[in-house]
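>>> this is a predicted model, with the sequence first.
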Amino acid sequence: MQALVKKLKLLQVGDTAVRRNPLFYADAQRELTHLEQAGLEERRKWMLARLREVLWPASRTGYGQKVRGGADIASWPLLTKDRVRAALADFQMGSRLFTIKASTGGTSGAPLQILRSLRSVVFEQVCIDRMMQEVGVDARAARCAVLRTESIKNPNDLKPPYWIYAGGGSRLVLSSTHLNAATIEHFAQAIEDFAPDCLLGYPTSLEALCFLLRRTGRRVRIPAVLCSSEVLHSRVWQVARDVLGCRVLDYYGQAERVAFAYATSPDEYRFLPGYAHVEFESAGMDGEHKLYEIVGTPLWNRSMALIRYRTGDLIRVPAQWGERELEELALGLRTFSGVLGRDSDILITPDGVKVTGISHFQRDVANIERIQVIQESAGKVIIQVLPTEEYSERDRDRLMHNAREKLPVSMQVEIRSVTALERTARGKTPFVIHRPQVKELLDNTRVHGNIA
């Protein structure tokens with residue numbers, strides 16, 4: 001099944017056969033439309049009914065039996081990624097015949113393997129399609145340019161083209177690794193010739209594109225931009241509107257599919273009702289605001305029992321908000337300023353290019369508990385590895401291969417096996433650490449790139 005899915009995704013029919021499977025797509029659309037038009041009481045009633053459908057099969061898994069989870073979600077403990085990783089089989093439920101494998105991005109330095117049911121994959125696509133409608137884009141027919149972390153070619157191959165076409169020619173997939181002052185005209189011309197309806201990108205890549213276009217005085221028209229996976233700062237939001245003349249939508253989610261939020265204006269994010277059961281775990285104060293960790297339970301994935309899963313992501317809300325306001329927030333009836341994410345998880349090359357997708361270094365690498373990436377200087381990166389007993393040269397070579405796919409030859413990469421990772425003064429273990437001279441480089445690019 002997994003091999004078939006990968007092949008289908010390369011074809012135009014892949015969207016219909018997998019992500020827009022007609023068996024589930026129309027039903028999911030109807031559910032979302034109903035909820036978006038419903039008030040608090042109706043949303044609450046729907047959520048409780050849906051939760052009962054989810055908790056019953058979850059209670060029969062190995063994990064559900066161990067924690068004695070029942071029909072009331074309060075009977076389930078909060079769930080951490082480490083617990084899932086330690087006993088993955090305990091969380092699997094239902095048939096594995098129509099499941100699709102995925103992996104978390106590994107922003108904590110340790111990716112987690114996830115199983116998704118076909119229905120959950122389709123529901124995710126419905127959500128994204130509806131988000132694109134918010135900015136005037138028909139997802140089924142749109143011509144999309146993509147500027148994320150896809151490895152298009154060797155980072156040391158400096159000759160154009162810096163893109164490929166996919167989806168039967170409906171997608172222009174650009175290499176963010178090759179985006180710099182020397183190549184911006186090639187990128188601009190390729191985008192102009194392709195005439196996309198929308199751009200799908202990471203905020204750091206969008207920022208680099210817009211800054212380079214503005215600095216060179218080049219104009220490129222893209223009607224809509226959809227961002228995800230990183231914090232989209234208001235300054236980038238504004239410069240994208242100014243330089244590209246676009247409408248912007250930013251959305252938040254995770255590979256575990258336990259929460260989904262979106263915004264079409266800065267500081268006005270909203271959880272999508274019906275996507276997941278969202279709760280908030282108190283995480284202290286931030287001045288006059290309260291901090292809460294997002295805790296979510298998927299409502300559509302019948303392959304894994306991720307009940308009350310701690311995302312580690314924080315939001316900030318007014319200190320005076322109580323249970324009623326938080327419930328309205330969880331059900332999509334109130335907005336919040338955004339998810340406090342990890343926008344520091346990037347590297348910078350000697351040429352000043354920001355490299356995203358660092359969490360992909362550990363993708364498909366076995367026998368590693370966790371990694372930590374330290375940028376000592378513009379030209380040197382150290383990857384610290386907490387290995388298991390089975391860790392071998394083969395695993396190390398795979399890790400190096402992944403890193404070299406993202407980083408140019410001008411950056412030296414060293415892999416070290418360690419018994420402990422570096423901690424901050426507060427005891428935290430960052431995924432990416434920048435040494436002082438690297439911080440200075442990043443600060444300089446932020447100052448010069450702050451065009452809003």
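On my side now, so go ahead. Residues are numbered from 1 along each chain as shown.
>>> contacts for whichever strand or helix holds Ile383?
If you go by DSSP states H and E, Ile383 is part of strand 380-387. With contact meaning CB atoms under 8 Å, 6 or more residues apart in numbering, strand 380-387 is reached by 347, 361, 367-376, 391, 395-396, 399, 403, 407, 411-422. Where C-beta positions appear, they are placed from N, C-alpha and C, glycine not excepted.
>>> what helices and strands are in contact with the lengthiest helix in the chain?
Selection of the longest helix in the chain by residue count, based on DSSP state H, yields helix 40-59. With contacts defined as 3 or more CB pairs under 8 Å, 6 or more residues apart in numbering; DSSP states H and E, helix 40-59 has these neighbours: helix 25-36, strand 276-286, strand 289-298, helix 323-330.
>>> go with 10 Å
If contacts are counted by 3 or more CB pairs under 10 Å, 6 or more residues apart in numbering; DSSP states H and E, helix 40-59 sits against helix 25-36, helix 62-67, strand 276-286, strand 289-298, helix 323-330.
>>> what's the closest of those to Arg215?
Proximity to Arg215 (CB to CB) singles out strand 276-286 among the helices and strands packed on helix 40-59, at 34.8 Å.
>>> how much space between Leu333 and Gln320?
Separation of Leu333 from Gln320 (CB to CB, to the nearest Å): 17 Å.
>>> give the contact list for the residue nearest the centre of the chain.
Residue closest to the average C-alpha location in the chain (CA atoms, centre = their mean): Ser229, at 3.3 Å. Applying CB atoms under 10 Å, 6 or more residues apart in numbering to Ser229 gives the contacts 105, 107, 148-149, 201-204, 250-254, 341, 356-357, 359.
>>> ok, 7 Å please
Residues near Ser229 by CB atoms under 7 Å, 6 or more residues apart in numbering: Tyr202.
>>> for it, phi and psi?
Dihedral pair for Ser229: phi 80, psi -10, per degrees, to the nearest 10.
>>> just the helices in the stretch 101-250 of the chain please.
118-134, 184-194, 203-216, 234-244 (DSSP state H, counting those that start in this stretch).
>>> for this protein, which helix or strand comes out least confident on mean pLDDT?
The helix or strand of the chain with the poorest confidence is helix 2-9; it has a mean of 43 (mean pLDDT, DSSP states H and E).
>>> quick one, which of Leu333 and Gln320 is more surrounded?
Taking neighbours as other CB atoms under 10 Å, Leu333 and Gln320 compare with Leu333 leading, 16 against 9.
>>> skipping adjacent residues, who's closest to that one in space?
Spatial nearest neighbour of Leu333, excluding adjacent residues (CB to CB, 6 or more residues apart in numbering): Leu40 at 6.1 Å.
>>> can you check Ile128 too?
Ranked by CB to CB, 6+ apart and with sequence neighbours excluded, the top spatial neighbour of Ile128 is Ala139, at 6.9 Å.
>>> same question for Arg60.
Nearest residue to Arg60, sequence neighbours excluded (CB to CB, 6+ apart): Met93, at 7.1 Å.
>>> the one you found contacts Ile307, doesn't it?
No: if you go by CB atoms under 7 Å, Met93 and Ile307 don't touch, sitting 10.8 Å apart.
>>> where does the residue nearest to Arg60 land on pLDDT?
We have a pLDDT of 92 for Met93.
>>> residues contacting it?
Taking CB under 7 Å, 6+ apart, one finds Pro57, Ala58, Thr61, Arg302, Ser303, Met304, Ala305 in contact with Met93.
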